[in-house]
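A.B. asks: Pasting a predicted model and its sequence here:
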Amino acid sequence: MKPLLYDELVPWYRLLDPFEDHLEEADAFIAAFDRAAAPRPETLLELGAGAGHNGFHLKRRYRCTLTDLSPAMQGLSRELNPECEHIVGDLRSLRLDRTFDVVLVHDAIVYMTSESDLLAAARTAFVHTRPGGAAIVAPDCVRETFVDHTELYQGDDGRRSLRAMEWSWDPDPADDTSLVEYAFLLRDGDDMRAVHDRHLEGLFSRATWVRLLGEAGYRVENLRRPIGDGEMDDVFLCVRPV
């Protein structure tokens with residue numbers, strides 16, 4: 001089942017995830033790409049770009065092509081990034097028959113719920129990365145760092161207000177998936193409604209990530225990423241050999 005957040009609830013998306021919050025992370029990605037890719041990178045492909053919040057910050061440095069499976073989310077991105085190329089496509093199977101200096105796969109990668117899906121996404125990234133180029137693959141967490149947790153969100157825009165709770169939990173630690181439950185209260189003027197949205201996400205060990213990204217053809221390195229409030233986590237910086 002398609003998550004409501006990327007379909008019915010798309011008009012509310014920016015109240016949950018303001019694009020301004022992605023600046024620090026984007027700066028870290030730019031620094032890593034410019035260090036890892038040679039010669040100096042100029043073009044970027046984002047697979048699973050969603051509402052274009054990373055692209056908004058990355059386009060000041062690169063010529064960006066932004067892809068996503070959801071046409072509605074691409075609509076949000078087009079509003080924010082009209083100068084960028086937009087393509088609807090599945091990050092497991094997209095083939096553009098061209099390469100880019102750098103490739104970003106942000107949290108859309110968590111919707112790969114099997115090793116075969118994850119490998120397919122890694123191969124998509126690889127075939128679009130030029131020799132000597134680099135990719136960043138940035139899951140929310142790996143098996144070793146996952147903990148059950150909740151987060152609260154709020155956003156207001158004129159007559160519309162959003163309050164939400166996100167609850168990440170793992171019903172079966174023996175498998176490769178976890179669940180994220182969203183409980184939304186959405187107010188539009190005097191109208192209030194409640195929505196529950198369930199997301200099934202992949203949850204793989206760090207060794208599995210490194211193995212599958214390597215199988216796709218990359219040389220894999222660790223990358224420290226800022227996640228707000230002075231905290232950092234680890235994602236994957238992948239270089240395509242010349």
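C.D. replies: Now that the structure is in, tell me what you want to look at. Numbers count the residues shown, from 1 in each chain.
A.B. asks: in this structure, which spans are helices?
C.D. replies: 13-16, 23-36, 53-58, 71-80, 115-127, 206-216 (DSSP state H).
A.B. asks: just the ones you listed: most buried one?
C.D. replies: Among these, helix 53-58 has the highest mean neighbour count (mean count of other C-beta atoms under 10 Å), at a mean of 24. All C-beta spots, glycine's among them, are computed from the backbone N, C-alpha and C.
A.B. asks: Next, give phi and psi for the residue with the largest distance to the centre of the chain.
C.D. replies: Within the chain, the residue lying farthest from the chain centre (C-alpha atoms, centre = their mean) is Asp190, at 33.8 Å. Asp190 adopts backbone torsions of phi -90, psi 0, taken as degrees, to the nearest 10.
A.B. asks: Would you mind giving the domain segments of this structure?
C.D. replies: 4-140+205-239, 143-202 (automatic domain parsing).
A.B. asks: and those domains as a markdown table, adding mean pLDDT?
C.D. replies: Converted to a markdown table, the domains of the chain look like this (pLDDT from 0 to 100):
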| stretch | mean pLDDT |
| --- | --- |
| domain 4-140+205-239 | 97 |
| domain 143-202 | 97 |
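A.B. asks: among those domains, which is the most enclosed?
C.D. replies: Highest mean neighbour count among those (mean count of other C-beta under 10 Å): domain 4-140+205-239, with a mean of 19.
A.B. asks: so how far is Ala32 from the residue lying closest to Cys238 once chain neighbours are set aside?
C.D. replies: Once flanking residues are discounted, Cys238 sits nearest to Tyr218: 3.7 Å by C-beta to C-beta, 6 or more residues apart in numbering. Tyr218 sits 14 Å away from Ala32, going by C-beta to C-beta, to the nearest Å.
A.B. asks: wait, doesn't His75 sit right on Tyr13?
C.D. replies: That one is not His; residue 75 is Gly. No. Using C-beta atoms under 8 Å as the test, Gly75 is too far from Tyr13 to be in contact (10.4 Å).
A.B. asks: Thought Pro3 was touching Met73, still the case?
C.D. replies: No. The pair Met73 / Pro3 is not scored as a contact, 10.6 Å apart, by C-beta under 8 Å.
A.B. asks: before we move on, back to that, tell me who's in contact with the residue nearest to Cys238.
C.D. replies: 122, 126, 129, 135, 238-240 (C-beta atoms under 8 Å, 6 or more residues apart in numbering).
A.B. asks: Reformat those as JSON lines; add distance to Ala38.
C.D. replies: Shown next, in JSON lines, are the contacts of Tyr218 (distance: C-beta to C-beta, whole Å):
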{"residue": "Ala122", "distance to Ala38": "22"}
{"residue": "Phe126", "distance to Ala38": "17"}
{"residue": "Thr129", "distance to Ala38": "13"}
{"residue": "Ala135", "distance to Ala38": "14"}
{"residue": "Cys238", "distance to Ala38": "14"}
{"residue": "Val239", "distance to Ala38": "9"}
{"residue": "Arg240", "distance to Ala38": "11"}
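A.B. asks: Could you single out the nearest of these to Tyr182?
C.D. replies: Ala122 (27.4 Å; C-beta to C-beta).
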